[in-house]
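Need coordinates for the following:
(4 chains)
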2 protein chains.
Amino acid sequence: MPNILIADDHDLVRDTIAAYLETVDDFKVMTAPTLQAALEKMEGIDSIDLLILDYHMPGMNGLEGLNRALKSYPATKVALMSGVANREVANRAMAQGAHGFIPKSLTPSSLINAIRFVLSGERYLPFDFAAPETAATADNTSNLSEREMQTLEQLCIGLSNKEIARNLGIQEVTVKLHVKNLLAKLGVSNRTQAALLAKERHLC
Amino acid sequence: MPNILIADDHDLVRDTIAAYLETVDDFKVMTAPTLQAALEKMEGIDSIDLLILDYHMPGMNGLEGLNRALKSYPATKVALMSGVANREVANRAMAQGAHGFIPKSLTPSSLINAIRFVLSGERYLPFDFAAPETAATADNTSNLSEREMQTLEQLCIGLSNKEIARNLGIQEVTVKLHVKNLLAKLGVSNRTQAALLAKERHLC
DNA sequence: TAGTTACCTATACCATGGTATAGGTCTGCC
DNA sequence: GGCAGACCTATACCATGGTATAGGTAACTA
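Below you'll find the model as predicted:
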């Protein structure tokens, strides 16, 4: 009987989901209203199989809370749940190691599926979020021009614009241009994120 | 009979090593004087099992050449060889995916061992380089103070100093201090490299 | 008590990174 | 010919990142 801990600050949402899960399937469900409370609860019970975190909830601080949870309890699957989060958040969460992403628009039966999926060791990202991601993300790779790809490759070694310019035999300004365009195409906001993303997707 | 390609611009070094390898063990050895030449040679023969690259050699451009080789021929093991490279280079090479690091101070019999090691699928880093690395690198992890670790974790998500400051509830200047200290302790020169290194070592 | 270490802050400086605008070359295409 | 897209460069501006120096607090230790 899998143990699930749901953390969400909306009592209604949290408790109805919990109740639903308990009636429909053989889940043992606990709840917490904040990230803090969830983590504290986990200290006592170390047999939580799945932790579901609301994206908007005291203590989450964007994806930082997710990260904390993942780090603190490596044996526990952690899924992010959100009503408003867009594709980018979903994908960044997955890239950071989340085991699942649960939009609140999911139907209850799909939720059950998702949870079973995650508990079985798979990672779950709904098609609606995954598919456009492929169009806006994997596509991103091919969107990159040749020079931008070369620039990205060097970014991935942690080189500075100046070094990249030297290596490619062009001016530093030009590198800056490539970097700027490449950041936009990848949908990230600085070179470190670009490097991380590229590593994640084995682009270098 | 494993195929080995040695690329080094010093004819003497290259050819004597090649000859030695051929007499001592059942290696088929080819040679090239530059990275360019090596990569061209590999196009023709796609059955090279091990590519040994001299760190100082036309076309290498630091570790960029290593990266190019690794990327171009994912099926081929690539080892970096160097007479002068220090621990940091060795470890950065390994972190970038090199299958082995061969200091020229290695004894010929150790070289054979190293090559066999790499060919068998292991990754080879001589103890002299690995041990101090543990003292200066894995140790690095524990060298980090708590705040520095927290800062590093956020660096790994690609956050800016300002964001990190907000998340930790401290001033941006303080974050800069932590970042600066942490870069020094990790032996890297900017935040992107720090993030990459941390990811590599699963520190976040 | 004095010394040490981690931590936080301040001020200041310079290097690097990222944005904006504009204009040039070259290639391929209608 | 005219158009579009990839590429390169220039100038300039502002934000961010990294370094240096100095000083303050708290906790632990010889």
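
Which positions in chain A make contact with DNA strand D?
Neighbours of DNA strand D within chain A, by C-beta under 7 Å from any atom of the strand: A:145-148, A:168, A:170-171, A:173-174, A:176-178, A:190. All C-beta spots, glycine's among them, are computed from the backbone N, C-alpha and C.

what's the most distant pair in the residues you listed?
Within the residues of chain A next to DNA strand D, two members stand farthest from each other by C-beta to C-beta: A:E146 and A:N190, at 22.5 Å.

Looking at these two, which one has more neighbours?
The neighbour comparison of A:E146 against A:N190 (other C-beta atoms under 10 Å in any protein chain shown) goes to A:N190, with 15 against 7.

so that one makes contact with A:L183?
Yes. Taking contacts as C-beta atoms under 8 Å, A:N190 lies within contact range of A:L183: 7.0 Å.

which residues does the residue nearest the centre of chain A contact?
Nearest to the mean C-alpha position of chain A, by C-alpha atoms, centre = their mean, lies A:A93 at 0.8 Å. Going by C-beta atoms under 8 Å, 6 or more residues apart in numbering or on different chains, A:A93 touches A:L63, A:L66, A:L80, A:A85, A:F101.

and the gap between it and A:F101?
Going from A:A93 to A:F101 by C-beta to C-beta, to the nearest Å gives 6 Å.

Check chain A for the residue nearest DNA strand D and tell me.
A:S145 (2.4 Å; C-beta to the nearest atom of the strand).

picking up where we left off before, now intersect the residues of chain A next to DNA strand D with the helices, please.
Judged by DSSP state H, the residues of chain A next to DNA strand D include A:E146, A:R147, A:E148, A:L168, A:V173, A:T174, A:K176, A:L177, A:H178 as members of helices.

just those residues that are near DNA strand C?
Applying C-beta under 7 Å from any atom of the strand, the subset of these adjacent to DNA strand C comprises A:V173, A:K176, A:L177.

for chain A, what spans make up the helices?
Under DSSP H, chain A gives helices at A:11-24, A:35-44, A:64-72, A:87-95, A:108-119, A:127-133, A:139-143, A:146-155, A:161-168, A:172-186, A:191-200.

which stretch in the ones you listed has the least confidence?
Of all the helices of chain A, mean pLDDT reaches its minimum on helix A:127-133 (a mean of 47).

picking that back up, would you list the buried entries among the ones next to DNA strand C among the ones in helices among the residues of chain A next to DNA strand D?
Buried by 16 or more other C-beta atoms under 10 Å in any protein chain shown: nothing, out of those.

Name the nearest of those residues relative to chain B.
A:K176 (15.0 Å; C-beta to the nearest C-beta).

got a list of what that closest one touches?
Here A:K176 is in contact with A:N161 (criterion: C-beta under 8 Å, 6+ apart).

Recalculate using a threshold of 10 Å.
Contact analysis of A:K176 by C-beta atoms under 10 Å, 6 or more residues apart in numbering or on different chains lists A:T151, A:N161, A:I164, A:A165.

same question, A:F101
With contact taken as C-beta under 10 Å, 6+ apart, A:F101 is in contact with A:55, A:79-82, A:85, A:87, A:89-94, A:114, A:118, A:123-126, A:129-130.

sorry, back to before: nearest to A:E43 among the residues of chain A next to DNA strand D?
Closest to A:E43, out of all of these and judged by C-beta to C-beta, is A:N190, at 34.9 Å.

Excluding chain neighbours, what is closest to that closest one?
B:G158 (6.1 Å; C-beta to C-beta, 6 or more residues apart in numbering or on different chains).

That neighbour: neighbour count?
Counted with other C-beta under 10 Å, residues neighbouring B:G158 total 21.

so who does it touch?
Contacts of B:G158 by C-beta under 10 Å, 6+ apart are A:92, A:188-197, B:191-192, B:195.

check those against DNA strand C, which are close?
A:S189, A:N190, A:R191.

and of those residues, the nearest to A:S110?
Distances from A:S110 to these, taken by C-beta to C-beta, are shortest for A:S189, at 31.9 Å.

give me the number of residues near that closest one?
A:S189, neighbours per other C-beta under 10 Å, totals 13.

which residues touch the closest residue to it other than its chain neighbours?
Excluding the flanking residues, the one nearest A:S189 by C-beta to C-beta, 6+ apart is A:L183, at 6.7 Å. Neighbouring residues of A:L183 by C-beta under 10 Å, 6+ apart: A:E148, A:L152, A:L155, A:S189, A:N190, A:R191, A:Q193, A:A194, A:L197.
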